[in-house]
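*Asks:* Any chance you can model this:
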Amino acid sequence: MAYQVGNACYSTAQQAAHASASSQAGAVISRGQQTYVVNVVLVEEDTIHYRLEPIGAGVPLMAPIPYNAQPCNLLQAEDGLTIGWMIAAAWIGAYALLFIARVLRGETGENYGNS
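*Replies:* Residues are numbered from 1 along each chain as shown. Take a look at the predicted model:
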């Protein structure tokens with residue numbers, strides 16, 4: 001099963017967790033009156049451990065955040081094939097309706113199109 005982070009899919013939940021954690025590393029956040037820089041300490045399949053380093057004076061904080069990898073929902077080749085067949089079916093259906101209309105009006109005889 002593949003897991004999605006942003007617009008990319010990863011083969012394991014661990015790789016997805018690393019990608020998600022790396023997108024947060026270096027961010028500057030505020031908590032109360034203190035401002036922190038986010039550092040990634042440890043990445044597990046179901047938890048990402050962040051260390052919040054204070055800017056200026058203060059005590060660093062450790063923040064283990066639960067992580068739930070999301071299944072990959074990007075379009076795959078089989079999705080494209082399904083969409084292609086639906087478009088082809090619509091065109092065939094439109095042609096069939098036009099052909100039936102011509103048959104009912106008698107426009108398919110030998111002299112069709114000749115004045």
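
*Asks:* Quick one: mean pLDDT for the lengthiest helix in the chain?
*Replies:* Criterion DSSP state H: the longest helix present in the chain is helix 77-105. Average pLDDT, helix 77-105: 92.

*Asks:* any idea how far the residue nearest the centre of the chain is from A2?
*Replies:* Note on the chain: the residue nearest the mean C-alpha position is L74, at 4.5 Å, using CA atoms, centre = their mean. As for L74, its distance to A2 is 8 Å (criterion: CB to CB, to the nearest Å). C-beta: built from backbone N, CA, C; applies to glycine.

*Asks:* Now do the shared contacts for these two.
*Replies:* Each of C9 lies in contact with both L74 and A2 under the rule CB atoms under 8 Å, 6 or more residues apart in numbering.

*Asks:* where in this protein is pLDDT low?
*Replies:* By pLDDT under 70, the weakly predicted segments of the chain are 108-115.

*Asks:* on contacts alone, who are the packing partners of the longest strand along it?
*Replies:* Taking DSSP state E as the criterion, the chain has its longest strand at strand 34-43. With contacts defined as 3 or more CB pairs under 8 Å, 6 or more residues apart in numbering; DSSP states H and E, the packing partners of strand 34-43 are helix 13-24, strand 28-31, strand 47-54.
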